[in-house]
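# Everything below, folded, please.
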Amino acid sequence: MMVTTLDANLLPNTRATWYSWLLTGFYLYSVNLQGNVVPFLQAEFALSYRAVSLHSSAIAVGIILVGLLGDRVEARLGRRRTLWLGIGGLASGSALLCLAPAPWASISACFLMGALGGLLPAIVPAVLADLHGERRAQAFAGQAIVAYAFGLAAPLLAGVAIWAQLGWRAAVLAGVAAGIAIGLGFRRMTLPEVAPPRAHEASAHHRRSLPPAYWAYWALLIASCALEFCLLFWAPSYLERIVGYSAAGAAIGSAGFPLGMLIGRIALRWLVARVALRWLLIAALALTFAGFLIYWGVSWPPAAIAGVIVIGLGIAPLYPLVTDFAIGAAPASVPGARDLAAMRLAIAFGLALLLAPIALGALADEVGLGRAHLALPTLIVSAYACFFIGQALQRRAALAVAE
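Predicted coordinates:
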């Protein structure tokens with residue numbers, strides 16, 4: 001991908017990298033906080049479970065729109081201004097959520113968070129890829145650590161705010177303040193921009209097409225994110241209703257999943273420099289499957305919590321690794337290809353968020369929550385299939401170019 005010349009401020013591991021990481025952290029903090037906010041909205045507005053679920057659905061729909069249309073916004077505004085738009089949209093949506101007088105307003109605020117805030121994680125991978133080149137996997141690993149640290153801070157800060165009788169809105173507004181501070185602190189930051197295409201590259205088809213291997217990795221991201229969202233949404237209920245823990249015990253035990261995720265992403269930062277990414281992904285999926293066998297197949301209650309932690313360790317590397325494979329599959333010689341690839345990944349993320357937890361819940365209504373969890377190994381097998389198909393397609397494309 002052609003980019004403008006980079007100055008000293010854009011070398012790896014400098015302020016531009018941290019700016020990208022912190023923006024993703026701000027986004028994940030705001031999204032993860034919804035799990036703590038929704039119960040209070042449900043009580044304040046006297047909503048049913050189905051009605052209150054529209055808040056997370058609104059975020060997901062907004063993210064999908066980013067994946068469909070975000071590249072046009074970026075082409076018009078440039079990366080720097082589009083990131084400002086993302087910061088402003090996410091901060092505004094969060095603030096409006098605190099002021100919402102009725103469900104229509106709170107749902108609209110969530111849509112705004114997804115539709116504008118979703119620009120942040122959609123653009124950042126392409127920025128990091130341009131900044132770090134072949135070392136982008138390490139940059140993605142660092143991004144994942146910072147993002148999940150922010151994600152863990154969300155429920156902790158919400159709990160403290162509620163305990164201190166400040167209310168859930170204090171935690172939301174703290175995130176707004178953090179986002180504004182990040183934007184102001186890096187307001188003069190220069191980022192690599194996409195160079196305009198040369199005349200012979202100007203056709204829309206040439207600029208907007210992505211290779212088949214990319215779409216295999218795109219489907220792999222859906223499976224990976226679906227695994228994560230299913231555990232986030234349903235592990236507490238499984239530990240309570242199937243394993244037999246109390247509601248409080250299940251809530252504490254399910255915290256093993258984000259704990260495993262954080263440990264796994266810290267380890268990934270070290271592993272990507274020492275182990276081939278292909279083998280890391282294969283091993284991560286195998287570890288996820290092993291964790292599921294402990295979580296679902298062992299009748300001893302403490303084993304279920306151990307399984308949750310192991311599943312977290314296994315799922316942790318998937319998003320940054322799949323992002324690296326997908327961005328790497330985009331043709332580097334085509335201006336805007338990496339940006340388009342990053343944008344389209346937002347569709348996969350949004351679809352997984354929108355459909356996976358609902359689908360597992362609907363399956364649980366039919367066959368029971370325990371049997372419904374067999375969807376998880378099915379997702380793991382699907383992820384393996386998508387990965388190997390993507391690898392085969394990428395090798396075929398490389399051979400075609402060589403010939």
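# Going by neighbour count, list what's buried in the helix or strand encompassing residue 235.
Using DSSP states H and E, residue 235 maps to helix 212-238. Neighbour-count burial for helix 212-238 flags 213-236, 238 (criterion: 16 or more other CB atoms under 10 Å). The C-beta positions use only the backbone N, C-alpha and C, and glycine is treated the same way.
# tell me which strands and helices it is in contact with?
Under the contact definition 3 or more CB pairs under 8 Å, 6 or more residues apart in numbering; DSSP states H and E, helix 212-238 sits against helix 247-254, helix 256-271, helix 301-315, helix 318-329, helix 337-367, helix 369-372, helix 375-402.
# Am I right that residue 87 is in contact with residue 181?
No. Taking contacts as CB atoms under 8 Å, residue 87 lies outside contact range of residue 181: 10.2 Å.
# most centrally placed residue in the chain?
Nearest residue to the geometric centre of the chain (CA atoms, centre = their mean): residue 349, 6.2 Å.
# which one is it nearest to, not counting chain neighbours?
Leaving out its chain neighbours, the residue that sits closest to residue 349 by CB to CB, 6 or more residues apart in numbering is residue 225, at 5.5 Å.
# Repeat that for residue 102.
residue 45 (6.9 Å).
# for the helix holding residue 235, the distance to its chain's centre please.
10 Å (CA atoms, centre = their mean, to the nearest Å).
# What ranges in the stretch 1-150 of the chain fall below the confidence cut-off?
For the stretch 1-150 of the chain, the stretches flagged by pLDDT under 70 are 1-13, 35-36, 39, 49-50.
# All the helices of it, residue numbers only.
Along the stretch 1-150 of the chain, the segments classed as helices by DSSP state H, counting those that start in this stretch run 15-32, 34-45, 49-52, 54-99, 103-115, 119-132, 136-163.
# Dump those into TSV; add mean neighbour count as well.
Compiled in TSV, these are given as follows (neighbours: other CB atoms under 10 Å):
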stretch	mean neighbour count
helix 15-32	23
helix 34-45	16
helix 49-52	12
helix 54-99	20
helix 103-115	21
helix 119-132	26
helix 136-163	20
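# Adding distance to residue 313, write those out as a markdown table.
As requested, the helices of the stretch 1-150 of the chain are exported to a markdown table (distance: least, CB to CB, whole Å):
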| stretch | distance to residue 313 |
| --- | --- |
| helix 15-32 | 19 |
| helix 34-45 | 21 |
| helix 49-52 | 31 |
| helix 54-99 | 25 |
| helix 103-115 | 29 |
| helix 119-132 | 22 |
| helix 136-163 | 12 |
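# nearest to residue 278, of those?
helix 136-163 (11.2 Å; CB to CB).
# counting contacts, what elements does the closest one pack onto?
Identification of packing neighbours for helix 136-163 by 3+ CB pairs under 8 Å, 6+ apart yields helix 15-32, helix 34-45, helix 119-132, helix 168-185, helix 256-271, helix 318-329.
# Report the inter-axis angle for that helix versus helix 337-367.
50 degrees (axes from the mean of the first three to the mean of the last three CA atoms, to 10 degrees).
# Distance from helix 136-163 to the middle of the chain?
12 Å.
# now the angle from it to helix 119-132?
Using the same axes, to 10 degrees, helix 136-163 lies at 150 degrees relative to helix 119-132.
# Return the distance of stretch 254-261 from the chain's centre.
Counting by CA atoms, centre = their mean, stretch 254-261 comes out at 16 Å from the chain centroid.
# what's it in contact with?
148, 151-152, 228, 231-232, 235-236, 239, 305-306, 308-316 (CB atoms under 8 Å, 6 or more residues apart in numbering).
# go with 7 Å
The contact list for stretch 254-261, computed with CB atoms under 7 Å, 6 or more residues apart in numbering, reads 148, 152, 231-232, 235-236, 239, 305, 308-313, 315-316.
# Out of the residues you listed, which is nearest to residue 165?
Of all those, residue 165 sits closest to residue 152, with 22.9 Å by CB to CB.
# Tell me where the model's unsure across the stretch 201-350 of the chain.
201-208.
# Hmm, residue 97 is touching residue 111, no?
No. Taking contacts as CB atoms under 7 Å, residue 97 lies outside contact range of residue 111: 10.6 Å.
# Domain ranges for this structure, per the record?
9-189, 210-403 (automatic domain parsing).
# Can you classify residue 188 as helix, strand or coil?
coil (DSSP: H, G, I helix; E, B strand; the rest coil).
# Could you count how many residues lie near it?
9 (other CB atoms under 10 Å).
# Next, work out how far apart it and residue 335 are.
25 Å (CB to CB, to the nearest Å).
# who wins for proximity to residue 364 among the helices of the stretch 1-150 of the chain?
Of all the helices of the stretch 1-150 of the chain, it is helix 49-52 that lies closest to residue 364, at 13.3 Å by CB to CB.
# Select, out of the helices and strands packed on helix 136-163, the one closest to residue 69.
That would be helix 119-132 among these, by CB to CB, at 10.2 Å.
# Lovely, talk soon.
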